[in-house]
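Q: I would like the atomic coordinates for the input below:
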Amino acid sequence: MTTPVAVITGATRGIGFEVACRLGAEGYQLFITGTRPEGLFEAVEKMEKLGLNAAGHPLDQGDAESIDEFATWLRAMTRGVDVFINNAGVWLEQHNSLSPSVLEADADAVTDTLQVNLLGPWLLIRTLHDLVRDNGRIVNVSSGMGSLTNMGTGFFGYRASKASINVLSKLLAPELAHRGVMVNAVDPGWVRTDMGGADADRSVDEGANSIMWAATLEPGGPSGGFYLDGKPADW
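A: Numbers count the residues shown, from 1 in each chain. Next up is the predicted model:
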């Protein structure tokens, strides 16, 4: 029996690390990424101590060359991927030094956010979609802050990047449907991580549950949707 393979970006801590560990406990070979080599090494070491089969490679989603290097490495490591989770992301406008106003938003912060949160995942999928096996799952981690129905104010770059991840998921799903590949955007909720902060109303476990639902869909499951806790979320 072929060992299932999962790729999780941004899996050195927080939700990504939790999801990777859960998939590893279910028997998946794990390939994870992180921006800092030392953090990546520590995460892989922790996973191995848990008895998980894990390997990692540095990835900066804001750098096309880094994406190409990761893709080359991954192709050398495996012949197919069953679950591909685009979890890595940034929220640069959350810092007090940058105004949340659309009219006063920092142009560099907005550009960098879109590069990492949208263009990075798109380039990864464009480069590696053929590696995803038939009936595989692509999970794009989105956010309720990208919902047009419930759109709040400010944080233009982050909101735009997550709304666009939803668009990417919606457009990609029918293109891969002939192979049974399911593509969904998932909102993990407001989670207590370094990004979400201590006041968030959800634990890492709760945030990971939402992603795990999409990552472990049975063949023929839903595709092209936006989900929270396995239920359709407002676009």
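Q: in the chain, which strand is the longest?
A: Criterion DSSP state E: the longest strand present in the chain is strand 132-141.
Q: any regions of this structure where pLDDT drops low?
A: Judged by pLDDT under 70, the chain has its weakly predicted residues at 94-99, 189-198, 200-201, 203.
Q: now do 90
A: Where the chain drops to pLDDT under 90, the residues are 1-2, 15, 91-102, 104-106, 150, 152-154, 188-208.
Q: check contacts around the one residue sitting closest to the centre of the chain.
A: In the chain, the residue lying closest to the centroid (Cα atoms, centre = their mean) is residue 87, at 1.8 Å. Contact analysis of residue 87 by Cβ atoms under 8 Å, 6 or more residues apart in numbering lists 8, 9, 10, 11, 15, 16, 19, 139, 141, 211. Yep, even glycine has a C-beta here, placed from its N, CA and C like the rest.
Q: and the helices in the protein?
A: Assigned by DSSP state H, the helices in the chain fall at 14-25, 37-49, 64-77, 107-114, 120-128, 156-176, 204-215.
Q: helices and strands around the fourth one, which ones?
A: For helix 107-114, the packing partners by 3 or more Cβ pairs under 8 Å, 6 or more residues apart in numbering; DSSP states H and E come out as helix 156-176.
Q: from the chain's centroid, how far away is the helix it packs on?
A: Relative to its chain's centre, helix 156-176 lies at 12 Å (Cα atoms, centre = their mean, to the nearest Å).
Q: what angle do helix 120-128 and it make with each other?
A: Relative orientation of helix 156-176 versus helix 120-128 (axes from the mean of the first three to the mean of the last three Cα atoms, to 10 degrees): 20 degrees.
Q: list the buried residues in helix 156-176.
A: By 16 or more other Cβ atoms under 10 Å, the buried positions in helix 156-176 come out as 156-166, 168-170, 172-173, 176.
Q: give the other helices and strands that that helix contacts.
A: Contacts defined by 3+ Cβ pairs under 8 Å, 6+ apart place helix 156-176 against helix 107-114, helix 120-128, strand 132-141, strand 182-186, strand 226-228.
Q: please name the residues that touch residue 81.
A: Taking Cβ under 8 Å, 6+ apart as the test, what residue 81 contacts is 5, 6, 7, 31, 74, 128, 131, 132, 133, 136.
Q: for the last one, give its distance to residue 78.
A: Translated: residue 136. Noted for residue 136: a distance of 12 Å to residue 78, by Cβ to Cβ, to the nearest Å.
Q: neighbour-wise, which of the two wins?
A: residue 136 (24 against 16; other Cβ atoms under 10 Å).
Q: before we move on, the earlier item: between the contacts of residue 81, which sits nearest residue 206?
A: residue 6 (20.1 Å; Cβ to Cβ).
Q: so which of the contacts of residue 87 is the closest to residue 121?
A: residue 9 (7.7 Å).
Q: right, and residue 134 touches residue 181 too?
A: Yes: assessed by Cβ atoms under 8 Å, residue 134 is found in contact with residue 181 at 7.1 Å.
Q: more neighbours: which of those two?
A: For residue 134 versus residue 181, neighbours defined as other Cβ under 10 Å are more numerous around residue 181 (20 against 12).
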